[in-house]
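**Student:** model the structure of this input:
(one chain, ligands or ions: 1)
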Amino acid sequence: MSEDTTTAGATGDALENLSTENRHFPPSAEFAANAVIKAGEYEAANADHAAYWGKQARELLTWSKPFTKTLDWTNPPFATWFEDGEINAAYNALDRHVEAGNGDRVAIHFEGEPGDTRTYTYAQLTDEVKKAANAFEALGLAKGDRVAVYLPMIPEAVITLLACARIGAIHSVVFGGFSAEALRSRIDDAEAKLVVTADGTFRRGKPSALKPAVDEALTASGHSVEHVVVVKRNGEDVNWVEGRDKWWDDTVGAAASEHTAVGHPAEHPLFILYTSGTTGKPKGILHTTGGYLTQTAYTHRAVFDLHPETDVFWCTADVGWVTGHSYVTYAPLVNGATQVMYEGTPDSPHQGRFWEIVEKYKVSILYTAPTAIRTFMKWGEDIPAKYDLSSIRVLGSVGEPINPEAWMWYRRVIGNDVAPVVDTWWQTETGAIMIAPLPGITSAKPGSAQTPLPGIAVDVVDELGAPVPDGHGGYLVIREPWPAMLRGIWGDNERYKDTYWSRFDDMYFAGDGAKKDEDGDVWLLGRVDDVMNISGHRLSTTEIESALVSHPSVAEAAVVGAADETTGQAVVAFVILRGSAVDDPDIVTTLRNHVGHEIGPIAKPKTILVVPELPKTRSGKIMRRLLKDIAEGREAGDSSTLADNTVMNQISDSLKK
Ligand code: 6R9
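**Tutor:** All right, here's what the predicted structure looks like:
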């Protein structure tokens with residue numbers, strides 16, 4: 001880890017705050033007595049981790065061919081789980097619940113942003129997925145083909161993903177907030193044959209288009225896409241390419257609802273999901289079927305104390321992120337739960353929308369992100385106070401560290417001072433939750449994810465890979481393979497080894513800083529690399545820098561994530577302009593829009609500072625640490641290793657003007 005990429009400053013501050021945290025919230029006797037996972041589970045798992053996961057795989061899933069092997073780790077870092085078994089993910093999420101007599105149970109309560117609603121029972125959702133599977137096959141899609149999915153949060157997103165899984169096609173969801181450019185690079189990398197999209201969606205009461213980005217992404221010749229299936233959602237006019245484009249209603253709508261699911265090998269790829277790394281090029285994280293389904297289903301049940309007959313689960317994540325894969329598309333349905341799916345933003349048409357939805361559907365388990373919680377805090381507690389939130393039983397948090405104050409507010413205001421809060425740490429790469437309290441067992445501590453789940457071996461180590469003693473901080477690692485672990489980076493095994501398995505011997509390096517407190521509980525402290533976390537979304541500093549320098553007016557750019565009260569971090573860019581751009585009064589707006597066009601609106605810098613120079617080491621590395629000091633309004637720290645030590649003064653002088 002080079003000096004300029006660590007976040008030692010921020011980590012140090014976080015440690016200060018944590019040392020004063022001594023509040024504890026044990027489960028009530030009643031909660032503990034009715035909990036799905038009871039005391040003794042860690043011990044049961046510790047006897048033999050692989051055997052424990054084998055037991056979960058058999059109990060939670062239906063296999064068309066039972067496996068005889070659990071873990072194979074003879075070729076690290078490439079693991080296989082349940083390798084000789086066969087399973088169909090869609091059958092597990094759908095058909096088997098109908099066959100078991102639960103076809104009338106609601107699978108999805110959909111709430112559109114404009115207020116339109118749809119309800120799908122398990123029987124209805126099964127029919128829709130079968131139709132989509134038939135339609136996709138009729139378009140020439142076969143097992144192993146890739147499908148790019150560029151959809152809003154509407155039921156067709158879940159239907160598309162499950163239809164792909166059913167026929168063994170590999171989905172690659174691209175978040176609807178990403179640009180045509182980002183979509184194109186992901187389509188090309190995975191060589192997708194089909195794109196599923198919509199005319200658009202709604203954002204804060206207005207139609208917002210998606211199809212034009214697909215058209216733009218497919219203008220270049222030589223791409224792999226044969227067909228584009230378009231869901232009609234907002235009714236706006238769209239361009240149409242005859243032969244290539246098909247309306248969802250004309251293809252899926254017209255298809256037969258009979259379709260037999262066959263088992264796929266447990267290690268058959270289920271999906272690719274691109275995520276930002278420390279370099280400019282996003283990584284296509286590859287997940288396979290059996291292990292992924294096992295751990296997502298297990299964690300959904302254990303961490304949220306799911307009782308599928310009575311609970312109503314709502315995960316607010318978009319399907320464009322891993323949370324929307326694991327805890328919207330797969331786990332809730334595999335577990336036969338009833339869930340809410342919401343298309344829009346929390347403030348449309350008013351700031352009480354989330355609580356209105358909780359009241360309307362009697363949501364009992366809510367899973368959202370700290371950035372949303374901090375926004376609700378800012379809006380004030382009189383807003384949730386207007387709604388009946390008494391159905392809430394368990395509250396989950398994911399995406400970034402949750403500060404103790406937000407945790408306390410969440411529990412008190414949304415959880416009526418009784419609902420356990422579970423802070424869940426995991427990553428696109430881990431596939432499923434890895435560290436979290438178990439609500440019927442753990443005495444919860446505000447702000448800490450606390451304990452690796454049964455069967456998961458997490459540790460915090462120092463620079464050299466030695467475990468740190470309790471009370472100390474270091475790097476978060478995972479010591480053993482786990483069922484939902486990524487199986488690689490699409491098309492790039494070397495990068496997989498380099499990124500995750502080369503920093504420490506025989507350990508997975510997560511890229512996060514962490515601390516063990518005096519009880520041995522784990523506290524997450526944020527990234528230790530060049531990955532930023534904006535509202536729980538991962539963005540790479542390098543990727544945004546590349547976007548900035550691709551503009552003709554920019555000579556050089558450096559990007560940092562600066563602490564932000566609401567979004568956790570905010571993107572701050574320092575740019576050196578070329579020639580006459582210096583006199584252009586609109587340059588900042590131009591550059592923000594350029595980044596929006598290159599990557600997507602979420603990547604637009606909150607602040608762009610025009611500077612004459614950037615601080616660099618003698619080897620030419622930008623010292624982001626110093627820029628971060630400026631961006632966070634601090635006196636810049638030690639700059640003795642700069643190649644030119646007048647640079648920091650030049651920068652601060654230029655910013656005063
Ligand atoms: C699920 C998801 C992963 C990165 C991860 C870490 C941060 C996620 C967290 C958390 C502290 C938590 N992160 N959950 N940090 N506490 N409970 O968010 O996946 O988008 O891949 O991001 O998010 O830094 O490394 P992904």
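
**Student:** tell me the SS of residue 418?
**Tutor:** Secondary structure assignment for residue 418 (DSSP: H, G, I helix; E, B strand; the rest coil): coil.

**Student:** near the ligand, which residues of the stretch 301-450 of the chain?
**Tutor:** Contact residues (C-beta under 6 Å from any ligand atom) of the stretch 301-450 of the chain with the ligand: 321-323, 398-401, 423-428, 449. For the C-beta atoms, the positions are set from N, CA and C on the backbone; glycine is no exception.

**Student:** in strands, which of the residues you listed appear?
**Tutor:** 398, 423-424 (DSSP state E).

**Student:** low pLDDT regions in the chain?
**Tutor:** 1-21, 278-280, 619-620, 657 (pLDDT under 70).

**Student:** can you list the residues of it near the ligand?
**Tutor:** Counting by C-beta under 6 Å from any ligand atom, the chain comes close to the ligand at 275, 321-323, 398-401, 423-428, 449, 510-512, 524, 527, 533, 536, 538.

**Student:** related to what we said a few turns ago, buried ones only from the residues of the stretch 301-450 of the chain next to the ligand, please, as a PyMOL command.
**Tutor:** To isolate the buried ones among these in PyMOL, judged by 16 or more other C-beta atoms under 10 Å, type:
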select buried, resi 321+322+323+398+399+400+401+423+424+425+426+427+428+449
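
**Student:** quick check, nearest of the residues of the stretch 301-450 of the chain next to the ligand to residue 261?
**Tutor:** For those, the minimum distance to residue 261 (C-beta to C-beta) is 24.2 Å, reached by residue 322.

**Student:** how about the contacts made by the closest one?
**Tutor:** Remark: with contacts taken as C-beta atoms under 8 Å, 6 or more residues apart in numbering, residue 322 is in contact with 273, 275, 285, 427-428, 431.

**Student:** got the domain ranges for this structure?
**Tutor:** Structural domains annotated on the chain: 29-218+227-516, 531-656, as defined by automatic domain parsing.

**Student:** just name the most buried of these.
**Tutor:** domain 29-218+227-516 (a mean of 20; mean count of other C-beta atoms under 10 Å).

**Student:** start and end of that domain, how far apart?
**Tutor:** Domain 29-218+227-516 has an end-to-end distance of 28 Å (C-alpha to C-alpha, to the nearest Å).

**Student:** same check, this time on stretch 101-114
**Tutor:** Terminal-residue distance, stretch 101-114 (C-alpha to C-alpha): 34 Å.

**Student:** what's in contact with that stretch?
**Tutor:** 94, 97, 117-126, 154-155, 158, 201-203, 205, 312, 333, 336, 338-345, 348, 357, 360-361.

**Student:** and those, which of them are in helices?
**Tutor:** 97, 122-126, 155, 158, 333, 357, 360-361 (DSSP state H).

**Student:** with distance to residue 78 added, can I get those residues in CSV?
**Tutor:** Formatted as CSV, the ones in helices among the contacts of stretch 101-114 follow (distance: C-beta to C-beta, whole Å):
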residue, distance to residue 78
97, 33
122, 36
123, 40
124, 40
125, 35
126, 34
155, 36
158, 30
333, 29
357, 42
360, 47
361, 42
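
**Student:** OK, contacts around the nearest residue to residue 539 once chain neighbours are set aside?
**Tutor:** Of all residues not flanking residue 539 in the chain, residue 532 sits nearest, at 4.9 Å (C-beta to C-beta, 6 or more residues apart in numbering). Residue 532 makes contacts with 538-541, 559-561, 569, 571, as judged by C-beta under 8 Å, 6+ apart.

**Student:** now with 10 Å?
**Tutor:** Applying C-beta atoms under 10 Å, 6 or more residues apart in numbering to residue 532 gives the contacts 276, 526, 538-541, 543-544, 559-562, 568-572, 603.

**Student:** which stretches of the stretch 201-350 of the chain form strands?
**Tutor:** With DSSP state E, counting those that start in this stretch, the ranges of strands along the stretch 201-350 of the chain come out as 206-209, 227-231, 245-247, 264-265, 269-275, 283-288, 312-315, 338-342.

**Student:** show me what the second one is packed up against.
**Tutor:** Contacts defined by 3 or more C-beta pairs under 10 Å, 6 or more residues apart in numbering; DSSP states H and E place strand 227-231 against helix 122-138, strand 146-150, helix 155-167, strand 194-198, strand 200-203, helix 211-217, strand 245-247, helix 248-251.

**Student:** paired strands for that strand, with orientation please.
**Tutor:** Within its sheet, strand 227-231 is paired with strand 194-198 (parallel), strand 245-247 (parallel), according to DSSP bridges.

**Student:** could you check the angle strand 146-150 makes with it?
**Tutor:** Counting by axes from the mean of the first three to the mean of the last three C-alpha atoms, to 10 degrees, strand 227-231 points 30 degrees away from the direction of strand 146-150.

**Student:** output strand 227-231 as PDB, nothing but the C-alphas.
**Tutor:** Provided in PDB are the C-alpha atoms of strand 227-231 (Å, rounded to 0.1, in the frame of the first residue of the first chain):
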ATOM      1  CA  HIS A 227     -31.700  -8.100 -30.100                       C
ATOM      2  CA  VAL A 228     -33.000  -5.500 -27.700                       C
ATOM      3  CA  VAL A 229     -36.100  -6.300 -25.700                       C
ATOM      4  CA  VAL A 230     -37.900  -3.100 -24.500                       C
ATOM      5  CA  VAL A 231     -40.300  -2.900 -21.600                       C
END
